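> What shape does this take:
(chains A and B)
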Protein chains: 2
Amino acid sequence: MYQATTSLGYAAVPPYRGPMKLEGAPKGASVLILGAGIAGLVSAYELRKAGYKVQILEFNAKAGGRSWTLRGGDEFTELSGIKQVCRFDKGQYINPGPWRIPYNHYAMLDYYKELGVAIEPFFQVNYNAYVHASDTFSGQPQRLRHVQCDYQGGVSELLAKVVGQGTLDSSLTKEDQQRLLESLKDFGALDSNYRYSKSLVSSARRGYEIDPGGGLMPVASYSEPTQLGDLLKSGLWAAISQGQLYEFQTALFQPTGGMDMLPRAFERELKAVLQFNARISRIEQTDKGVTATYTDLKTGKTQHASADWCICTLPLSILSQLDINVSDKMKAAIAAVPYDTAFKAGIQFKRRFWEDDERIYGGITRTNLPINRISYPMAGINQPGKGVLMAAYTFGADSYKFTAMTPDERLQKVLEYGAQIHPQYHDEFDNGITVGWHRVPWSNGCYGLWTEETRKEHYDNLCQIDGRILLAGEHASYIPGWQEGAALSARDAVTRLHRRIVGSAS
Amino acid sequence: MYQATTSLGYAAVPPYRGPMKLEGAPKGASVLILGAGIAGLVSAYELRKAGYKVQILEFNAKAGGRSWTLRGGDEFTELSGIKQVCRFDKGQYINPGPWRIPYNHYAMLDYYKELGVAIEPFFQVNYNAYVHASDTFSGQPQRLRHVQCDYQGGVSELLAKVVGQGTLDSSLTKEDQQRLLESLKDFGALDSNYRYSKSLVSSARRGYEIDPGGGLMPVASYSEPTQLGDLLKSGLWAAISQGQLYEFQTALFQPTGGMDMLPRAFERELKAVLQFNARISRIEQTDKGVTATYTDLKTGKTQHASADWCICTLPLSILSQLDINVSDKMKAAIAAVPYDTAFKAGIQFKRRFWEDDERIYGGITRTNLPINRISYPMAGINQPGKGVLMAAYTFGADSYKFTAMTPDERLQKVLEYGAQIHPQYHDEFDNGITVGWHRVPWSNGCYGLWTEETRKEHYDNLCQIDGRILLAGEHASYIPGWQEGAALSARDAVTRLHRRIVGSAS
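Prediction:
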């Protein structure tokens, strides 16, 4: 097992410690698992490996929960009753929920490996994608490479000017200031005078006015950097750090073929214990066991499922509406976490104009328009034919504005915004589908919104074993909104439950 | 056709302008093409589409030239006579020559698309890969994310300290200085006091001491940044800019399955006109046509091939040794360009320990050891089983040192160096193969080394149509060492030759 060692040489305790080895499960001990999203699937998978008898109740007709993929032929009916049918071509898809796997989400990567589900590289950052704000640079989208290189160059030039003036003497030795100067020249692509100027070094970073060619083609010419003052006023520099965050740094991946590929693999493993179409209404525990009351959505009949213990992975947005007899503290915790919402639009276009016309292969364009961003597909890059853009992905208030419209109006609005960045939108539009997460029946929102205060007051209470019930899911983790949070939460719940069971049995 | 427009709104003239449309080729006009690397293949492909009669002579028994892939069962015999047999498992490979396709190599990307050859994403930068120098940080490899975030944070803090002190007043207005401060906080992951400190914001960039987890797992803790002075002394900051260069910025790609996939596709198109195993000894032109004399390596017989015109794509390192009657100026140009060399080692390991143990999925580790870098494979990521590392890729003098050894000794040396970064090397070694480009019979080096002076004196002379002969290849381009240089050079040669032919025929 891998132990992260710090530069000081001692081993940190990582939250993920490789394959679970739970030994000594009492014969016949049973666990009821509510919800077949990542947390429920992981819980069932690990408990079953440890020898427990498990049963999963799931609202949908398939596993995955928010880990969901829409393909041609799929239907989606919102809480409002609005029904959309996805009309994408074969092979095209959109992931309305989670869509990426960072390299540091070890638990998830290891489940992909263990279950033989293929992943493929995902570009979070694309230097040739755009950064756009409607109120700056006359609304013209800027290439990220220009914004990043020019900001870095401008900042490096400013600092280089200060070196040797005495201002930095309290922070760095004279020798280190000389090293700093040398490093800034490289970091900022400065010229021999330590200026960020129109030059070979800056063009070799931000790109040329005319690219170098072959034979007797027109001679290359350098490009003119943007002035630092203009960049600072534009605010576009905020895009640079986005791809440097721990969870968005390279390497990132996506499951080949869609986010539901791993749930499908879990489903194959857990087929025998999965009960679909089960809408839970009540969770009741005694000192002997736990019983869930649910409606079988196929027959309309009320049913019951019981076990010695229960891991409940329902989102708090759902759980808070159900009858459950847990302690007041846990009840308070369940009620304390509001859910964020998000809106995504997947639009199929007749051709991959972003590749053909604009040479944007994967990655994300950012904008201050309500669509928030455009993500270019990693699948099918440089191949002829159609492609699906994640043409909007926004959180909070804008999500409600979009869902207030009809599905057709939503798409029109997304097209109208997107065309400010890609004028080809109108000509190339084929069809699309939209998801507003506050209207998704099985989650009523997209993820639990914790604050520092609610964490302090409620988090530990939420995660305790309450009699014979304990909770798991991204909401019961410090990695909200990510599958890894759900998986680690489930692994922790399973581990603690197993210890409790073994302890009480012996 | 895509026109790059600058921020000033006028169209630059890109060297690559989409599909070639050459019209009016005289019936029966013929062109002899020497060499079936990228330049030769592109020349033949485009001339044939334009209606010319073409024939290609190629030294090897297959197309591709330096665009070459070694797989299990392949043999490689160096100029020295040393023969190596590649013993990789099925599906494993190494590209001894070019291995990446940047997003801005438009000609190459379009040939991949036109010929239906799949490409897949390539990570140049991996924040979790290492930066290593044997003489700094006690020889301990550092994660790139630490070096990059800490350098950026340290530099941002220094500049933030200066803001408002008056020093920057000549460069920026007071308002812009305030904006600068705000931007540095974001760019550098500074805390609320504009310091780069052990904090949530810096850990959310460089990574944590203990990662956030789920349930009641150990609480996350922040990591301790490296001091700027230590980073400056280490010189490791030089790694940051590497992935920001125009040709190494995301998006980059590699051909799925190996670099020879495109040559193979060209070969299928050009099968009828490709003559393999042809070692050219002489190229002679008259005012009527061009004749190449060659040895058929299968039969040992001397043969001749003639055409109205000739595009010669042989590397200058080879061409300079042949008999060719061109102008003195072109002869001088041919003699003026020395060739660089490079050394690559491909090593197959019994397991993908860099993924399993160190969570490095693709990307490149850099070191000051003679192996220069380690590149982690993009194919088969997160899958069980073996993997091949590009375990050395170095230029110049170190290449000669490696090839001075026997193949086994070379591998031992590569293992010895690599084990300083990955101690698993010794246990997991399976087999390997090495290529020193100065010993590759069909190129005697890896690419043409131009200087500002030789460009000035010789480049245009090298590229002129000399009677009935003209040259193409990466050496006849401003993108040395890249396939794109070869392709653009060939497209320019074909275009000019066509104009000359049509002009002289009309």
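> residue contacts, the residue nearest the centre of chain A?
Chain A has A:Pro98 as the residue nearest its centroid, 4.4 Å off, counting by Cα atoms, centre = their mean. A:Pro98 is in contact with A:66-67, A:259, A:481-483, counting by Cβ atoms under 8 Å, 6 or more residues apart in numbering or on different chains. Bear in mind the C-beta positions are built from the backbone N, C-alpha and C, glycine included.
> Which residue, other than its chain neighbours, is closest to it?
In this structure, A:Pro98 finds its nearest non-sequential neighbour in A:Gln483, 5.2 Å apart by Cβ to Cβ, 6 or more residues apart in numbering or on different chains.
> hang on, isn't that neighbour packed against A:Leu109?
No. Counting by Cβ atoms under 8 Å, A:Gln483 stays clear of A:Leu109, with 10.5 Å between them.
> anything in contact with each of these two?
Common neighbours of A:Gln483 and A:Leu109 (Cβ under 8 Å, 6+ apart) are A:Ile101.
> So if I had to pick from these two, which one is more boxed in?
A count of neighbours by other Cβ atoms under 10 Å in any protein chain shown puts A:Gln483 above the other of A:Gln483 and A:Leu109, at 26 against 23.
> if I look at that one, how far off is chain B?
11 Å (Cβ to the nearest Cβ, to the nearest Å).
> Could you do A:Gln348 as well?
Look at A:Gln348 and chain B: by Cβ to the nearest Cβ, they are 20 Å apart.
> if I look at that residue, how far off is A:Gln412?
To A:Gln412, A:Gln348 is 15 Å away according to Cβ to Cβ, to the nearest Å.
> Settle it for me: which of those two has more neighbours?
Legend: neighbour count by other Cβ under 10 Å for A:Gln348 and A:Gln412, higher for A:Gln348 (23 against 14).
> Contact residues of the stretch 201-350 of chain A facing chain B?
A:203-221, A:223-224, A:226, A:228-229, A:232-233, A:235, A:237-238, A:240-241, A:244-246, A:249-251, A:253 (Cβ under 8 Å from any Cβ of the partner chain).
> Mind checking which of those residues are buried?
Buried by 16 or more other Cβ atoms under 10 Å in any protein chain shown: A:203-217, A:220, A:223-224, A:226, A:228-229, A:232, A:235, A:237-238, A:240-241, A:244, A:246, A:249-251, A:253, out of these.
> what residues are up against A:Ile280?
A:Ile280 makes contacts with A:34, A:57, A:59, A:292-294, A:314, A:322, as judged by Cβ under 8 Å, 6+ apart.
> Need the phi and psi values for it.
Per-residue torsions, A:Ile280: phi -80, psi 140 (degrees, to the nearest 10).
> Tell me what it is bridged to.
Applying DSSP bridges to A:Ile280 gives these bridge partners: A:Tyr294.
> How far does stretch A:211-228 sit from its chain's centre?
Relative to the centre of its chain, stretch A:211-228 is centred 38 Å away, using Cα atoms, centre = their mean, to the nearest Å.
> Hmm, I typed the wrong one, I wanted stretch A:298-313.
Between the centre of stretch A:298-313 and the centre of its chain there are 30 Å (Cα atoms, centre = their mean).
> With stretch A:321-330 instead?
30 Å.
> Can you give me the first-to-last residue distance of it?
14 Å (Cα to Cα, to the nearest Å).
> check contacts around the closest residue to chain B within the stretch 1-150 of chain A.
At 2.8 Å from chain B, A:Pro15 is the closest residue in the stretch 1-150 of chain A, using Cβ to the nearest Cβ. Applying Cβ under 8 Å, 6+ apart, we find A:Pro15 in contact with A:488, B:210-214, B:217-218, B:220.
> any idea which of these is closest to A:Ala472?
B:Gly214 (7.5 Å; Cβ to Cβ).
> Using the record's domain definitions, break chain A down for me.
When chain A is parsed into structural domains using automatic domain parsing, the resulting residue ranges are A:30-65+A:260-337+A:448-505, A:70-128+A:251-259+A:342-439, A:144-226.
> Of all these, which one is nearest B:Leu158?
domain A:144-226 (6.0 Å).
> Next one: the closest residue to A:Glu114 other than its chain neighbours relative to A:Ala50, how far apart?
Of all residues not flanking A:Glu114 in the chain, A:Pro19 sits nearest, at 7.9 Å (Cβ to Cβ, 6+ apart). Distance, A:Pro19 to A:Ala50, by Cβ to Cβ: 12 Å.
> Centroid-wise, who is the farthest residue in chain A?
Of all residues in chain A (Cα atoms, centre = their mean), A:Leu216 lies farthest out, 47.7 Å.
> Could you dump the contacts of A:Pro98 into JSON lines and include pLDDT and secondary structure?
Formatted as JSON lines, the contacts of A:Pro98 follow (pLDDT from 0 to 100; DSSP: H, G, I helix; E, B strand; the rest coil):
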{"residue": "A:Arg66", "pLDDT": "98", "secondary structure": "coil"}
{"residue": "A:Ser67", "pLDDT": "98", "secondary structure": "coil"}
{"residue": "A:Met259", "pLDDT": "98", "secondary structure": "coil"}
{"residue": "A:Gly481", "pLDDT": "97", "secondary structure": "coil"}
{"residue": "A:Trp482", "pLDDT": "98", "secondary structure": "coil"}
{"residue": "A:Gln483", "pLDDT": "98", "secondary structure": "helix"}
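> Need the max-distance pair from the residues you listed.
Using Cβ to Cβ, the contacts of A:Pro98 reach their maximum pairwise distance at A:Met259 and A:Gly481, which is 13.6 Å.
> higher neighbour count, these two?
Using other Cβ under 10 Å, the more surrounded residue of A:Met259 and A:Gly481 is A:Met259, with 24 against 20.
> residues contacting the more buried one?
By Cβ under 8 Å, 6+ apart, A:Met259 lies in contact with A:64, A:67-69, A:95, A:97-99.
> from those, which is closest to B:Gly81?
In terms of Cβ to Cβ, no member of the contacts of A:Met259 lies closer to B:Gly81 than A:Trp99, at 53.9 Å.
> dump the residue contacts of that closest one.
A:254, A:259, A:375, A:390.
> Highest neighbour count among those residues?
Compared across the contacts of A:Trp99, A:Ser375 has the highest neighbour count, 26 neighbours, by other Cβ under 10 Å.
> Got phi/psi on it?
The phi/psi pair for A:Ser375 (degrees, to the nearest 10) reads phi -110, psi 130.
> Tell me the spacing between it and A:Phe353.
Noted for A:Ser375: a distance of 15 Å to A:Phe353, by Cβ to Cβ.
> what do you get for A:Phe429?
Look at A:Phe429 and A:Phe353: by Cβ to Cβ, they are 11 Å apart.
> With A:Pro121 instead?
Taking Cβ to Cβ, one finds A:Pro121 at 22 Å from A:Phe353.
> When those two are compared, which one has more neighbours?
A:Pro121 (22 against 19).
> Just give the nearest non-adjacent residue to the more buried one, would you?
Excluding the flanking residues, the one nearest A:Pro121 by Cβ to Cβ, 6+ apart is B:Pro121, at 3.8 Å.
> Can you tell me who that neighbour pairs with across the strands?
Here B:Pro121 sits in beta bridges with B:Phe253, going by DSSP bridges.
> elements contacting the strand or helix carrying A:Val201?
Using DSSP states H and E, the element containing A:Val201 is helix A:200-206. Judged by 3 or more Cβ pairs under 8 Å, 6 or more residues apart in numbering or on different chains; DSSP states H and E, the packing partners of helix A:200-206 are helix A:144-162.
> What is the subsequent helix or strand relative to the helix it packs on?
Next along the chain from helix A:144-162, counting by DSSP H and E, comes helix A:174-188.
> Just give me how far that next one sits from the chain centre.
How far helix A:174-188 lies from its chain's middle: 37 Å, per Cα atoms, centre = their mean.
> so it versus helix A:144-162, what angle?
Orientation of helix A:174-188 against helix A:144-162 (axes from the mean of the first three to the mean of the last three Cα atoms, to 10 degrees) gives an angle of 160 degrees.
> Quick one: the helices in the stretch 351-500 of chain A, in order.
A:353-356, A:397-403, A:407-418, A:425-428, A:452-454, A:460-463, A:483-505 (DSSP state H, counting those that start in this stretch).
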